[in-house]
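> sharing a model that was predicted from the sequence below.
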Amino acid sequence: MKLSNRAAAGWAIAVFVVIGLVLLLIGVLEGSDTGSQQKPPVNRSLGSVR
């Protein structure tokens, strides 16, 4: 199975766009719902205090 250059470029762009949208959606959901961006610094500070 050999894809032409246009087909390969089309698939690469499609995959890149889909992955980008999924990562953006996950980032928005985590940032708004759970505030996960604030958790890592707290965990690191607690770990360093111990």
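Yep, that arrived. Source: prediction; values computed, not measured.
> ok, residues contacting the longest helix along the chain?
For the chain, the helix that runs over the most residues, judged by DSSP state H, is helix 5-29. Contacts with helix 5-29, where a contact means C-beta atoms under 8 Å, 6 or more residues apart in numbering, come from Leu3. Glycine gets a C-beta too; all of them are placed from N, C-alpha and C.
> report the rounded mean pLDDT for that helix.
For helix 5-29, mean pLDDT is 93.
> in that helix, what's buried?
When burial is assessed from 16 or more other C-beta atoms under 10 Å, helix 5-29 yields no buried residues.
> does Lys2 count as helix, strand or coil?
coil (DSSP: H, G, I helix; E, B strand; the rest coil).
> can you tell me how far it is from Ala9?
Distance of Lys2 to Ala9, given as C-beta to C-beta, to the nearest Å: 14 Å.
> and for Ile26?
For Ile26, the distance to Ala9 (C-beta to C-beta) stands at 26 Å.
> ok, Leu3 next?
9 Å.
> check Val22 too.
21 Å.
> do Leu25 as well
Leu25 sits at a distance of 25 Å from Ala9 (criterion: C-beta to C-beta).
> now Gly20
Shown here: Gly20 relative to Ala9, a distance of 16 Å by C-beta to C-beta.
> again with Val28
Between Val28 and Ala9 the distance is 28 Å, computed by C-beta to C-beta.
> near Glu30, how many other residues are there?
13 (other C-beta atoms under 10 Å).
> could you check how far it is from Leu23?
Between Glu30 and Leu23 the computed distance is 11 Å (C-beta to C-beta).
> with Gly31 instead?
12 Å.
> same question, Val15
Val15 is 12 Å from Leu23, by C-beta to C-beta.
> ok, Leu3 next?
Taken as C-beta to C-beta, the span from Leu3 to Leu23 is 25 Å.
> kindly report the same for Leu29.
11 Å.
> how about Phe16?
As defined by C-beta to C-beta, Phe16 lies at a distance of 11 Å from Leu23.
> overlap in contacts of Glu30 and Leu23?
Common neighbours of Glu30 and Leu23 (C-beta under 8 Å, 6+ apart) do not exist.
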